[in-house]
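>>> need coordinates for the below:
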Amino acid sequence: MPDGPGPAYPGATLYDLAVDRDGSVLLAMRTALGQGCVSRLSADMATTTNVHCLPPGQMPWALALNQDGRILIGWNSAIDEMSANGSNGVILLNPETGVTESLNEVTGSALLSDIAVAPGGLIYLAEYRADEWSGTGASISWLDPAATPITRTVLLPGQGTILVRPAQMAIVGTSTAHTIYVADPWGMCGGGGGGMEPPGLGQPCPANGGLVTVASSGGAVSRVPIGWDFGPYGIGFVGSAVTASPVDATTGTAPVTLTFDGVSSTGSTSLVTSTVGPTPPSGFQLGDPATYYEITTEVGFTGGITVCVNYPDGSYVDETQLKLNHWNGSAWEELPNQTLDTAANVVCGRTMSLSPFAIFEPAVPDDTEGPALSVTVSQATLWPPNGKFVPITLSGSAFDPSGIASLTYRLADEYGTFSTQPQTLTLPKTLFLEALRAGNDMDGRLYTITVTATDTFGNVSQQALQVRVLHDQRQ
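Residues are numbered from 1 along each chain as shown. This next block holds a predicted model:
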């Protein structure tokens, strides 16, 4: 998005904004005519188009992008925006079709001030009351769009971490209680506010607008007093991923790590590995040894799960091609958003459910033939037989679709003087052979160089090359 100021909207009141996936900016505002609408400002800030206008009496105070690309709009009744005694609710808007879905509507509630979407898909809401003299209160609640019916639930311990901007309140989920951070961004404590304490907390005002900490006794936290301001004006989800590394009942090891986006209830997670499972998809194969990972859990989780599997080193032909799959009940499916760390031997992917998992690689065709081997010598005869050492160069190649496991050569000297055991060969290769033969050796001295290539399936190809020290030039 370009730097600098964007266009002005005379007479309009801007409530919130959100950046869409294409870089455009969604604007929630009250128009000059008093209507609550959502507009879109192009990424280059050149044009503005209307996206959606709410029914009369509703104002869009909060915007957020849902994980499926739809727009979340949090609204308050226009006639009671500041008294917090009217109704509010949340709708999902499909910007392509204009179709809306009402997620939740309540009456007589606190004023809805912001929305944040957790990685797992839960929708968190920040509300506050404006009648601070009679007991200012704020609450953080959440909606599960997959539930039926969709109702608001106050944030429970362990369900997430919420930060409230500008540092007025934050609720941090733990296993026992919430921790509430209180601040005074407008200087009402310890300065311009005459040293007032936040009502109901029993804690001194933070110095210089800093933070004080109050731990609740556990359970739900609703309408937490937060002082002289109007409550949480904005929230952002920080995250509360829960990680589990179940021990394999077969081997006693823990090769799998699960990271849940969110957890609503605790429970055990189990892993059983096996060499038996559904047949790999066409064109793919398991490693050696073949391993299936059967994962089950009693954990009540929200959102998705990141599954990471640590595979044995050397168990695959080409580990750069590994793909993590899960069984959907009738077929294998490759997990999305995969990462592969070949140095650590770990492959990860995202899933919405647990089932048998397996790591596949492209199948290597059955191979019963040896490598294609073609090697030549720079010269096949040596003359004159003057006892000097003559350079002989081996050139050529060895190829196999599965790969060459080894390439060696062995020199056999008819006289036995320079015979060798198999040696590793890298082509081209230069050997030095003695140009000398016995005077009564009428057919000359024979050197035989045997080249052997072996593929990854153990198939072997050989080629024998001869170099002869001539007895005389008539040969």
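
>>> below-threshold pLDDT in the stretch 51-200 of the chain: ranges please.
In the predicted model of the stretch 51-200 of the chain, residues 78-85, 107-110, 118-122, 127-141, 148, 150-200 satisfy pLDDT under 70.

>>> again, but for the stretch 351-475 of the chain
Using pLDDT under 70, the stretch 351-475 of the chain drops low at 475.

>>> next, count neighbours for residue 27.
The tally of other residues near residue 27 (other CB atoms under 10 Å) stands at 22. C-beta coordinates here come from the backbone N, C-alpha and C atoms, glycine included.

>>> wait, it sits on residue 20?
No: contact criterion CB atoms under 8 Å: residue 27 and residue 20 do not qualify, at 10.9 Å.

>>> ok, for residue 35, nearest residue in space, not its chain neighbours?
Spatially, and ignoring its direct neighbours in sequence, residue 35 is nearest to residue 53 (5.6 Å; CB to CB, 6 or more residues apart in numbering).

>>> isn't that neighbour up against residue 33?
No: applying CB under 8 Å, one finds residue 53 not in contact with residue 33, separated by 10.1 Å.

>>> show me what stretch 451-467 is in contact with.
Stretch 451-467 is contacted by residues 317, 364, 367-377, 379-382, 392, 394, 398, 400, 402-410, 422, 425, 433, 446-450 when judged by CB atoms under 8 Å, 6 or more residues apart in numbering.

>>> now residue 22: how far from residue 66?
Note on residue 22: its distance to residue 66, by CB to CB, to the nearest Å, is 15 Å.

>>> er, residue 428 actually
Counting by CB to CB, the gap from residue 428 to residue 66 is 63 Å.

>>> show me which of those two is the more surrounded one.
Neighbour count, other CB under 10 Å: between residue 428 and residue 66, residue 66 has more, with 17 against 12.

>>> wait, isn't that one in contact with residue 93?
No: look at residue 66 against residue 93 with CB under 8 Å: they stay out of range, at 9.2 Å.

>>> spit out the residues that contact the two alike.
Common contact partners of residue 66 and residue 93 (CB under 8 Å, 6+ apart): residue 72.

>>> hmm, back to that, would you show me how to pick out the buried ones of the contacts of stretch 451-467 in ChimeraX?
A single ChimeraX command selects the buried members of those (16 or more other CB atoms under 10 Å):
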select :317,367,370,371,373,375,377,382,392,394,398,400,402,404,407,409,410,425,433,447,449
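
>>> first residue to last residue on stretch 243-251, what's the distance there?
For stretch 243-251, the separation between the terminal residues is 21 Å (CA to CA, to the nearest Å).

>>> residue with max distance from the center of this protein?
residue 440 (77.4 Å; CA atoms, centre = their mean).

>>> what about that one, distance to residue 412?
21 Å.

>>> and for residue 271?
Taking CB to CB, one finds residue 271 at 56 Å from residue 412.

>>> looking at the two, which is more packed in?
More crowded of residue 271 and residue 412, by other CB under 10 Å: residue 271, with 23 against 15.

>>> got the contact list for that one?
246, 247, 248, 249, 254, 255, 256, 293, 294, 295.

>>> try it again with 6 Å
Taking CB atoms under 6 Å, 6 or more residues apart in numbering, we find residue 271 in contact with 246, 248, 256, 295.

>>> now, the most widely separated pair of those residues?
With CB to CB as the measure, no two of those lie farther apart than 248 and 295, at 10.1 Å.

>>> which one of those two has more residues nearby?
Just comparing residue 248 and residue 295: by other CB under 10 Å the higher neighbour count belongs to residue 295, 22 against 18.

>>> I figured the more buried one hits residue 355, correct?
No: if you go by CB atoms under 6 Å, residue 295 and residue 355 don't touch, sitting 7.4 Å apart.

>>> give me the three-state assignment for the residue nearest to the spatial centre of the chain.
Centre of the chain computed as the mean C-alpha position; nearest residue by CA atoms, centre = their mean is residue 337, 5.4 Å away. Assigned with DSSP: H, G, I helix; E, B strand; the rest coil, residue 337 falls in the coil class.

>>> please tell me how far it sits from residue 101.
On the measure of CB to CB, residue 337 and residue 101 end up 26 Å apart.

>>> cool, and residue 431?
Distance from residue 431 to residue 101, by CB to CB: 79 Å.

>>> name the residue in those two with the higher neighbour count.
For residue 431 versus residue 101, neighbours defined as other CB under 10 Å are more numerous around residue 431 (20 against 12).

>>> for that one, give me its contacts.
Per CB under 6 Å, 6+ apart, neighbours of residue 431: residue 392.

>>> can you tell me the helix or strand for it?
Assigned by DSSP states H and E, residue 431 belongs to strand 429-434.

>>> and residue 449, by the same measure?
strand 445-455.

>>> and that strand, how far from the chain's centre?
Distance, stretch centre to chain centre, for strand 445-455: 51 Å (CA atoms, centre = their mean, to the nearest Å).

>>> could you point out which element follows that strand?
strand 460-469.

>>> only C-alpha atoms, please: export that following strand in CSV.
In CSV, the C-alpha atoms belonging to strand 460-469 read as follows (Å, rounded to 0.1, in the frame of the first residue of the first chain):
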residue,chain,number,x,y,z
VAL,A,460,25.5,-54.9,-11.8
SER,A,461,27.0,-54.1,-15.2
GLN,A,462,30.7,-54.8,-16.2
GLN,A,463,32.9,-53.9,-19.0
ALA,A,464,36.4,-55.3,-19.7
LEU,A,465,39.0,-53.1,-21.5
GLN,A,466,42.4,-54.3,-22.7
VAL,A,467,45.7,-52.6,-23.2
ARG,A,468,48.5,-54.7,-24.8
VAL,A,469,52.3,-54.1,-24.8
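
>>> that one: how far from the chain's middle?
Between the centre of strand 460-469 and the centre of its chain there are 54 Å (CA atoms, centre = their mean).

>>> now do the buried residues in it.
The neighbour-count check on strand 460-469 (16+ other CB under 10 Å) flags 461, 463, 465, 467, 468, 469 as buried.

>>> okay, those residues in a markdown table with distance to residue 41 next?
Shown next, in a markdown table, are the buried residues of strand 460-469 (distance: CB to CB, whole Å):
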| residue | distance to residue 41 |
| --- | --- |
| 461 | 68 |
| 463 | 72 |
| 465 | 76 |
| 467 | 81 |
| 468 | 86 |
| 469 | 88 |
